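> only geometry, no sequence info:
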């Protein structure tokens, strides 16, 4: 992290407000390195490219009054309760060619190791302790700024995690783990000396920011803009669920870089609309790509020529052009 770290708390457990707060800091506070620590109460947070209805257990969600909110970063759906602590780093991108998850997961791993935990970064975006997942992370680029955020399961209810998420069994075919519940762990269970979540919060704030910590706050005018963003975006059905329409062509494939699902409307051999779903680690929204594909002939060579206009790693993470084309044109 930078020598000086500006520290913010949202003062809320409302997921729509917290995500609006985070987006506001990313897009409107354009200078300085920020650390945010925050919590959502009883919430499923959907990745930006996921089909919300396919990711949640609708009956369980309604019975337990669970919020469902979509974030602006890639990756998979996660369950938050007050046993979970979320962190956000917001800073300058720097050298985009050298941008890695490790730049931001390393401080978290080191903070956990300092508590005596056997922590390590693993896979595409996880942090593990003794083989159990205690954190998932994601990133978003906007101009010259980057948001990296993650969960930290401290004392979460594993039965709620397992019940709320409608996990596709395909995700676990190649894994030895049998269920979500068996794969996750709580940080508190691994501590050599017990602490509660407020103490862990205080520890983490100091561990991540060190002597450069500077407590700050948004102004009343900025908070009013956060409320407007919350109401106009994160509170709306259109944002959270409206990105899940029906299409006349659909296929889903699992690749090392994540799940990719495509749905397209094709009329007279031309793509009239298309959407991509998945838990791949995009750092930019998909709108540029899908807009470019509208009007494209539904042929692999034409489709591929459109994809060639983009740095696909920013939109599809580690999923390659060849894997995208295989998903679209070679339906099983």
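Arrived safely. For clarity, every value in this text was computed on a predicted model and none was experimentally measured.

> after the helix or strand bottoming out on mean pLDDT in the chain, which helix or strand is next?
None of the helices or strands of the chain scores lower by mean pLDDT, DSSP states H and E than helix 180-183, at a mean of 54. Per DSSP states H and E, helix 180-183 leads on to helix 187-190 as the next helix or strand towards the C-terminus.

> show residues contacting that following helix.
112, 117-118, 129-130, 134, 152-155, 194-195, 197, 200 (Cβ atoms under 8 Å, 6 or more residues apart in numbering). Using the backbone N, CA and C atoms, a C-beta is placed for each residue, glycine as well.

> among those, which one lies nearest to residue 142?
Residue 142 has its nearest neighbour among the contacts of helix 187-190 in residue 152, at 23.8 Å by Cβ to Cβ.

> quick one: the closest one and residue 85 touch, right?
Yes - with contact defined as Cβ atoms under 8 Å, residue 152 and residue 85 form a contacting pair (4.6 Å).

> from residue 145, how far off is the residue lying closest to residue 149 once chain neighbours are set aside?
Residue nearest to residue 149 in three dimensions, not counting chain neighbours: residue 88, with 4.1 Å by Cβ to Cβ, 6 or more residues apart in numbering. Relative to residue 145, residue 88 is positioned 12 Å away (Cβ to Cβ, to the nearest Å).

> higher neighbour count, the two?
residue 88 (22 against 18; other Cβ atoms under 10 Å).

> doesn't the more buried one lie inside a strand?
Yes - the assignment for residue 88 by DSSP: H, G, I helix; E, B strand; the rest coil puts it in a strand.

> show me what it is bridged to.
Residue 88 forms beta bridges with residue 36, residue 149, as assigned by DSSP bridges.

> in space, what's closest to residue 229 - neighbours in sequence excluded?
residue 20 (4.1 Å).

> in the stretch 51-200 of the chain, which spans are helices?
When assigned using DSSP state H, counting those that start in this stretch, the helices of the stretch 51-200 of the chain occupy the ranges 52-55, 58-63, 102-113, 158-164, 180-183, 187-190, 197-209.

> got the domain boundaries for the protein?
The chain breaks down into these domains under automatic domain parsing: 5-240, 249-329.

> could you tell me the least trusted of those domains?
With a mean of 88, domain 5-240 has the lowest mean pLDDT of those.

> end to end on that one, go ahead and measure it.
For domain 5-240, the first-to-last residue distance is 32 Å (Cα to Cα, to the nearest Å).

> just stretch 36-46 next, same as before
20 Å.

> before we move on, what about stretch 27-46?
End-to-end for stretch 27-46, by Cα to Cα: 20 Å.

> looking at the helices of the stretch 51-200 of the chain, which is nearest to residue 232?
Residue 232 sits nearest to helix 52-55 of all the helices of the stretch 51-200 of the chain, at 18.4 Å, using Cβ to Cβ.

> now do the same contact list for the residue nearest to residue 207 when sequence neighbours are not counted.
Sequence neighbours aside, residue 111 is the residue nearest to residue 207 in space, at 3.9 Å (criterion: Cβ to Cβ, 6+ apart). Residues near residue 111 by Cβ under 8 Å, 6+ apart: 203, 204, 207, 208.

> residue 46 now?
Counted by Cβ under 8 Å, 6+ apart, residue 46 has contacts 52, 55, 56, 68, 69, 70, 71, 77, 240.

> ok, now how distant is the closest residue to the last one other than its chain neighbours from residue 131?
Going back to what we said before, that points to residue 240. Using Cβ to Cβ, 6+ apart and skipping the chain neighbours, the partner closest in space to residue 240 is residue 70 (4.9 Å). Distance of residue 70 to residue 131, computed by Cβ to Cβ: 30 Å.

> the more surrounded of those two?
residue 70 (26 against 12).

> what is the more buried one paired to in the beta sheet?
Counting by DSSP bridges, residue 70 is bridged to residue 46.

> what's near enough to touch it?
Counting by Cβ under 8 Å, 6+ apart, residue 70 makes contact with 45, 46, 47, 48, 50, 52, 234, 239, 240, 243.

> I'm done for today, thanks for sticking with me.
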